[in-house]
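Undergrad: Predicted model and sequence follow; I will ask about them next.
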Amino acid sequence: MSDHSADSRPVNLSTTGLPSTVLPPADAAQRHELLQAIGAPDDVRHARVSEVVASYPRYLEAWATLGDLGRNPIERYAAYRVGYHRGLDALRANGWRGSGYVRWSEPTNRGFLRALRGLGQMAALIGEVDEAERIALFMAQLDPAGIPESGD
């Protein structure tokens, strides 16, 4: 019996391993506003980055930066967690299906990966050991070459 339904379509197998997902770059205006906020004086930097996040809530680099600037571990944890979840949404919208690489070597992936790294660090700091361990494993799966401990 010949069946041309969806389940009889050919499956394309890759000989190169898992696919890599690369997030698209942020809009130039968003990047500019974040750079301006980061360059603001210390006493207003957090507020300025918060304004960028409020203006562009899907801008992952802004969420990661807000996490970096958090005033305490819980505030940092919360910002990183939002950046991580927004990042999962962005990855799925760009073809990621829960497996495959999201490499640090791609600069446009770094907002998500910074948020994930920060979330793991804050989870460990506040005693969420199981979560920190899951995140460390997830990061190793996303980029076996490694994600720097800090910095870009």
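TA: On my side now, so go ahead.
Undergrad: Break down the protein into its strands, ranges please.
TA: Ranges of strands within the chain: none, based on DSSP state E.
Undergrad: Local confidence estimate at the spatially most central residue of it?
TA: For the chain, the residue nearest the mean C-alpha position is Phe112 (1.0 Å; Cα atoms, centre = their mean). For Phe112, the pLDDT comes out at 98.
Undergrad: Around Gly111, how many other residues sit close by?
TA: A count of nearby residues for Gly111, using other Cβ atoms under 10 Å, gives 23. C-beta: built from backbone N, CA, C; applies to glycine.
Undergrad: what does Leu35 give?
TA: Neighbour tally, Leu35, other Cβ under 10 Å: 12.
Undergrad: Does Leu125 touch Ile74 like I think?
TA: No: using Cβ atoms under 8 Å, Leu125 makes no contact with Ile74, being 9.7 Å away.
Undergrad: my guess is Arg114 meets Ala64, correct?
TA: Yes: contact criterion Cβ under 8 Å: Arg114 and Ala64 qualify, at 3.7 Å.
Undergrad: Could you tell me which residues touch both of those two?
TA: Gly83 (Cβ atoms under 8 Å, 6 or more residues apart in numbering).
Undergrad: so what pLDDT did Thr15 get?
TA: Here the pLDDT value assigned to Thr15 is 52.
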